[in-house]
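Engineer: need a structure here:
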Amino acid sequence: MNKFLYFLILLLGSLGFASCTETKEDLAEFGDWQNRNETYFTNIYQKAKSDTNDYKIIRDWSLEKGVATSPEDNIVVQVLNQGVGSGCALYTDSVRVHYEARLIPSATYTSGYVFNKTWSGDYNLATMHPATLRVSALVDGMTTALMHMHIGDRWRVYIPYQLGYGTTTSTSTSIPAYSTLIFDLTLVSYYRVGTQVPSNQAKPFIGWIED
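Structural biologist: Numbers count the residues shown, from 1 in each chain. Down below sits the predicted model:
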């Protein structure tokens, strides 16, 4: 009886430990991860090339004056909602955004494991609270997307690992190496110091641009 109780305690303890670490990657879930991610991004890139109404292919911001020579020099964007705001954020700006970040689909996470999110429950602009980020502090793929978004845009952004966390596991998020990142991203506003208000007002405007 004592041995059975001892075994039961160990079993329950192991289950508790598993529940605490279930968000971490395991080999069975992420086997052949590099190849799977490269194939996934190549497929979405090819889809975007044939469906220019709903998708955009945007060259990495650091190559704006260069030439994109391969798919991974770009991000792919699926337009979920087109905003009406004018202008786009600059590299030196800050932004307020809603986002949900996930990996590509896997055995357990058939819609992709969500590793970060700014809202809970349903997507509802009336109740959600945006996060504030510096455009220059993000991975290249996110920076690229934000520098092309208008206020009110909601995009699904596909970022190849070369423009994400690269070939090493992210220490801050435990995202495995070679991960394609998929963001549901909405631009709420951006902050630019010294932006001029309408010509009838001489003073520069310092604050958040929301339309």
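
Engineer: any buried residues in the lengthiest strand in the chain, and which?
Structural biologist: Counting by DSSP state E, the longest strand found in the chain is strand 181-196. Buried residues in strand 181-196, defined by neighbour count with 16 or more other C-beta atoms under 10 Å: 181, 182, 183, 184, 185, 186, 187, 188, 189, 190, 191, 192. Heads up, the C-betas are built off the backbone N, CA and C, glycines and all.

Engineer: who does that strand pair up with?
Structural biologist: Partner strands and pairing direction for strand 181-196 (DSSP bridges) are strand 94-102 (antiparallel), strand 154-159 (antiparallel), strand 204-209 (antiparallel).

Engineer: a markdown table for the ones you listed, including mean neighbour count and mean pLDDT?
Structural biologist: A markdown table is the format used below for the strands paired with strand 181-196 (neighbours: other C-beta atoms under 10 Å; pLDDT from 0 to 100):
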| stretch | mean neighbour count | mean pLDDT |
| --- | --- | --- |
| strand 94-102 | 20 | 97 |
| strand 154-159 | 23 | 98 |
| strand 204-209 | 13 | 67 |
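
Engineer: redo those as CSV? Include distance to residue 129.
Structural biologist: As requested, the strands paired with strand 181-196 are arranged in CSV below (distance: least, C-beta to C-beta, whole Å):
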stretch, distance to residue 129
strand 94-102, 8
strand 154-159, 16
strand 204-209, 14
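
Engineer: quick one: closest of those to residue 49.
Structural biologist: Proximity to residue 49 (C-beta to C-beta) singles out strand 154-159 among the strands paired with strand 181-196, at 13.0 Å.

Engineer: shaky segments in the chain?
Structural biologist: Low-confidence segments of the chain (pLDDT under 70): 1-27, 64, 66, 68, 194-206.

Engineer: next helix or strand past whichever helix or strand residue 35 is part of?
Structural biologist: Element membership of residue 35 [criterion: DSSP states H and E] is helix 33-50. Under the assignment DSSP H and E, the closest C-terminal helix or strand after helix 33-50 is strand 55-59.

Engineer: now do that following strand: distance to the chain's middle.
Structural biologist: In terms of C-alpha atoms, centre = their mean, to the nearest Å, the centre of strand 55-59 is found 15 Å from the chain centre.
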